[in-house]
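Trainee: Here is the input, now give the coordinates:
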Amino acid sequence: MHLPKAELHLHIEGTLEPELAFALAERNEVALPYATADELRAAYEFEDLQSFLDLYYALMAVLRT
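Mentor: Residues are numbered from 1 along each chain as shown. Here you go, the predicted structure:
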């Protein structure tokens, strides 16, 4: 039997494309610790828990209303 799959839980910070993260950072006057979208994209290859958390919190900071 084939059952369709659905995403039941995700964090919006983890769905941000680098270009959108930079656009939101500029709009919300938040400095990202990455110089370019390519550098940010490379950070998605985590080395350890700390590198994941560093990226997670950096992306969380750009999300403002």
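Trainee: Any idea how far apart the tips of stretch 40-54 sit?
Mentor: 11 Å (C-alpha to C-alpha, to the nearest Å).
Trainee: Any buried residues in the longest helix seen in the chain, and which?
Mentor: Among all segments of the chain classified by DSSP state H, the helix with the greatest residue count is helix 49-62. If you call a residue buried by 16 or more other C-beta atoms under 10 Å, then helix 49-62 has these buried ones: 55, 58, 59, 61, 62. For glycine as for every other residue, the C-beta is placed from the backbone atoms N, C-alpha and C.
Trainee: how close does the third one get to residue 4?
Mentor: With distances defined as C-beta to C-beta, to the nearest Å, the gap from residue 59 to residue 4 amounts to 29 Å.
Trainee: cool, the fourth one as well?
Mentor: Using C-beta to C-beta, residue 61 is found at 35 Å from residue 4.
Trainee: Need the residues that contact the longest helix of the chain.
Mentor: 11, 13-14, 16, 21, 24-25, 28, 30, 32-34, 40, 43-44, 46 (C-beta atoms under 8 Å, 6 or more residues apart in numbering).
Trainee: for stretch 30-37, same thing?
Mentor: For stretch 30-37, using C-beta under 8 Å, 6+ apart, the contacting residues are 18-19, 21-22, 24-25, 40, 43, 54, 58, 61-62, 64.
Trainee: 10 Å - rerun?
Mentor: Identification of contacts with stretch 30-37 by C-beta atoms under 10 Å, 6 or more residues apart in numbering yields 17-26, 39-43, 54-55, 57-59, 61-64.
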